[in-house]
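*Asks:* Provided below for reference: sequence and predicted model.
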Amino acid sequence: MTAARLHDRYPELGTGPIPVAPYIDPAYFALEKKYLFKNTWLHVGRVEELPKVGDYMLRNIPVLDSEIVIARARDKKLYAFHNVCSHRLNKIAYQPTGTTRKFFCKFHGWAYDLDGTLTGVPDEKSFMDLDKSCLGLTRVSVDTWNGFIFINANPAPDTSLKDFMEPVYAGFETYPFDKFTACYAWNAVVNCNWKVALDAFQETYHVNYLHGRSIAYALLKDEDGNLHPIDGICGDLHRRLSIAGDPDTVYGNPQAATAAAEQDVGVNQTGHRIAAKALKVAQGGTRHDLSGIKLPELLNWTKHPSWAFDINVVFPDFYLSCRPNYFQAYNFRPISHDKTLFEARVYYPEMVTAGGRFYQEYMKTALRDVLLEDLSTLETTQAAAATGAKQEMVIQDFELMVRHQAVAIDRLIEEGLRRDGQLQAAE
């Protein structure tokens with residue numbers, strides 16, 4: 001595997017060190033806000049969260065300097081708008097989620113329909129030349145991809161969500177996202193740059209060391225004991241990694257606890273007997289038999305016999321890890337140049353037996369512990385970067401995704417500055 005380097009396929013990305021400045025510079029973060037986040041598609045949730053007319057969710061997105069309301073209107077479509085009343089700029093939604101017939105500003109009682117249209121103004125006759133048709137809530141773009149809800153702060157984005165996703169993720173339609181309805185979630189604010197956080201999840205170099213006592217045993221290693229990905233793909237913006245596992249373990253087996261599986265694995269592995277027992281009692285416990293589902297061709301694209309899962313990083317900050325038996329959806333939401341909101345969601349098939357629920361509870365706590373390991377280095381990395389002791393980071397071949405992210409962000413910022421006629425000043 002090491003003979004054909006991943007970097008050889010992407011010579012345009014270079015092989016040199018990566019500068020530290022973009023991870024610690026507030027001015028660079030301001031450029032990211034303007035040229036990345038405020039003009040691209042951002043994942044905010046799943047359609048299952050808004051099943052009925054009147055259902056809404058409120059998303060506070062600091063990198064957009066906004067709170068965004070996403071609602072299911074009477075025409076069954078989703079609409080998204082800024083949480084700002086057109087009168088005296090108070091809010092019109094106050095809870096993270098809810099169901100309502102209309103949105104009302106608590107300050108002066110202005111009322112808005114679920115699509116953001118202004119429908120009611122108390123004492124309307126006292127306003128001069130009031131045109132309600134022009135005073136609806138300020139919309140942002142909203143669309144869905146395989147049940148994931150995305151917004152774009154630009155009301156007329158340059159690229160549709162379909163065109164944004166398809167260059168790397170066309171063909172995902174047969175993945176059973178809708179069958180995984182048991183969701184567990186964790187949120188944490190971490191004192192680090194959003195790229196420091198995301199970088200920790202898009203390479204496997206760290207697994208032997210950071211996860212040596214948790215999941216390292218379950219992933220496939222080469223003859224030298226290194227944990228290399230099977231393969232990696234870099235698109236214009238998005239990127240993918242394919243990971244191999246040990247099928248004789250719970251974490252490394254992509255069919256674990258599916259209805260047709262009858263595995264009894266890892267029983268004799270010291271420290272992992274509970275995992276094996278959890279898997280055993282879970283057999284046949286899922287509401288849906290997933291064994292007959294045909295997975296998309298783009299998953300395990302190398303057809304590796306020990307494939308476990310694929311990591312998909314949807315630019316800029318959405319991490320989607322897909323297996324046949326569950327998926328993980330993480331967001332790395334920037335708050336400032338050195339603070340990130342980490343939102344983690346993991347989706348399993350619904351279990352209908354006590355054994356199945358025990359398996360899920362085991363997997364939930366195991367993943368929680370792995371995430372705590374992942375987060376444990378981030379704040380010290382940020383603090384070390386801020387000292388200025390090092391100006392660059394050295395990247396190895398299987399950290400290609402870290403490099404790809406840095407290059408893609410630099411390119412978009414440069415393009416934005418050039419459009420605005422500011423490139424000369426920035427250089």
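*Replies:* Thanks, I have the structure now.
*Asks:* Go ahead and confirm residue 241 touches residue 232.
*Replies:* Yes - here residue 241 reaches residue 232: they are 5.1 Å apart, a contact under Cβ atoms under 8 Å. In short, each C-beta sits where N, CA and C put it, glycine included.
*Asks:* can you list residues touching both of the two?
*Replies:* Residues touching both residue 241 and residue 232 (Cβ atoms under 8 Å, 6 or more residues apart in numbering): residue 401.
*Asks:* For residue 390, which non-adjacent residue is spatially closest?
*Replies:* residue 20 (6.0 Å; Cβ to Cβ, 6 or more residues apart in numbering).
*Asks:* Over to the one you found: give its phi and psi.
*Replies:* Main-chain dihedrals, residue 20, degrees, to the nearest 10: phi -80, psi -30.
*Asks:* Look up how far residue 381 lies from it.
*Replies:* Noted for residue 20: a distance of 10 Å to residue 381, by Cβ to Cβ, to the nearest Å.
*Asks:* same deal with residue 206?
*Replies:* Here residue 206 is placed at a distance of 11 Å from residue 381 (Cβ to Cβ).
*Asks:* Let me see the contact set for the residue nearest to residue 390.
*Replies:* 385, 390, 391, 392, 393 are the contacts of residue 20 under Cβ under 8 Å, 6+ apart.
*Asks:* Tell me the one among the residues you listed nearest to residue 248.
*Replies:* For the contacts of residue 20, the residue nearest residue 248 by Cβ to Cβ is residue 393; the value is 36.0 Å.
*Asks:* Secondary structure class of residue 310, three-state.
*Replies:* Per DSSP: H, G, I helix; E, B strand; the rest coil, the secondary structure class of residue 310 is strand.
*Asks:* what's around it, how many residues?
*Replies:* When counting by other Cβ atoms under 10 Å, one arrives at 24 neighbours for residue 310.
*Asks:* next one: residue 186
*Replies:* By the criterion of other Cβ under 10 Å, residue 186 has 16 neighbours.
*Asks:* Within the helices and strands, which one has it?
*Replies:* Under DSSP states H and E, the secondary-structure element containing residue 186 is strand 182-190.
*Asks:* List of residues touching that strand?
*Replies:* 46, 197, 335, 339-351, 360, 364, 367-368, 371, 375, 378-379.
*Asks:* what about dumping the CA coordinates of that strand to CSV?
*Replies:* Coordinates of each C-alpha in strand 182-190 appear next as CSV, following Å, rounded to 0.1, in the frame of the first residue of the first chain:
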residue,chain,number,x,y,z
ALA,A,182,-32.6,5.6,17.0
CYS,A,183,-30.4,8.6,17.5
TYR,A,184,-27.9,9.4,20.3
ALA,A,185,-26.3,12.8,20.6
TRP,A,186,-23.5,14.7,22.4
ASN,A,187,-22.5,18.3,22.2
ALA,A,188,-19.3,19.9,23.5
VAL,A,189,-17.7,23.4,23.2
VAL,A,190,-13.9,22.8,22.7
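*Asks:* Sheet partners, orientation included, of it?
*Replies:* Sheet pairing of strand 182-190 (DSSP bridges) gives strand 339-348 (antiparallel).
*Asks:* Dihedrals phi and psi, residue 26?
*Replies:* Dihedral pair for residue 26: phi -60, psi -30, per degrees, to the nearest 10.
*Asks:* what's the distance between it and residue 99?
*Replies:* Taken as Cβ to Cβ, the span from residue 26 to residue 99 is 40 Å.
*Asks:* between those two, which one's more packed in?
*Replies:* Neighbours around residue 26 and residue 99, counted as other Cβ under 10 Å, are more numerous at residue 99. The numbers are 13 against 9.
*Asks:* if I look at the closest residue to the more buried one other than its chain neighbours, how far off is residue 143?
*Replies:* Using Cβ to Cβ, 6+ apart and skipping residues adjacent in sequence, the residue nearest residue 99 is residue 54, 4.6 Å away. Distance from residue 54 to residue 143, counting by Cβ to Cβ: 20 Å.
*Asks:* Could you check which of those two is surrounded by more residues?
*Replies:* The residue with more neighbours, out of residue 54 and residue 143, is residue 143; 18 against 15, by other Cβ under 10 Å.
*Asks:* surely the more buried one meets residue 163?
*Replies:* No - Residue 143 is not in contact with residue 163 according to Cβ under 8 Å; the separation is 10.7 Å.
*Asks:* residue ranges of the strands in the stretch 51-200 of the chain, please?
*Replies:* Ranges of strands within the stretch 51-200 of the chain are 55-61, 66-72, 78-82, 97-99, 103-104, 111-112, 118-120, 139-145, 148-152, 182-190, based on DSSP state E, counting those that start in this stretch.
*Asks:* closest to residue 329 out of those?
*Replies:* Nearest to residue 329 among the strands of the stretch 51-200 of the chain is strand 148-152 (7.6 Å), distances taken as Cβ to Cβ.
*Asks:* ok and the closest one relative to strand 66-72, angle-wise?
*Replies:* Relative orientation of strand 148-152 and strand 66-72, computed by axes from the mean of the first three to the mean of the last three Cα atoms, to 10 degrees: 130 degrees.
*Asks:* tell me the angle strand 148-152 makes with strand 139-145.
*Replies:* Using the same axes, to 10 degrees, strand 148-152 lies at 150 degrees relative to strand 139-145.
*Asks:* what about the helices in the protein?
*Replies:* Ranges of helices in the chain, per DSSP state H, are 21-24, 26-35, 161-169, 194-199, 207-210, 273-282, 354-375, 378-386, 400-419, 423-426.
*Asks:* Would you mind finding the most buried of these?
*Replies:* Highest mean neighbour count among the helices of the chain (mean count of other Cβ atoms under 10 Å): helix 194-199, with a mean of 24.
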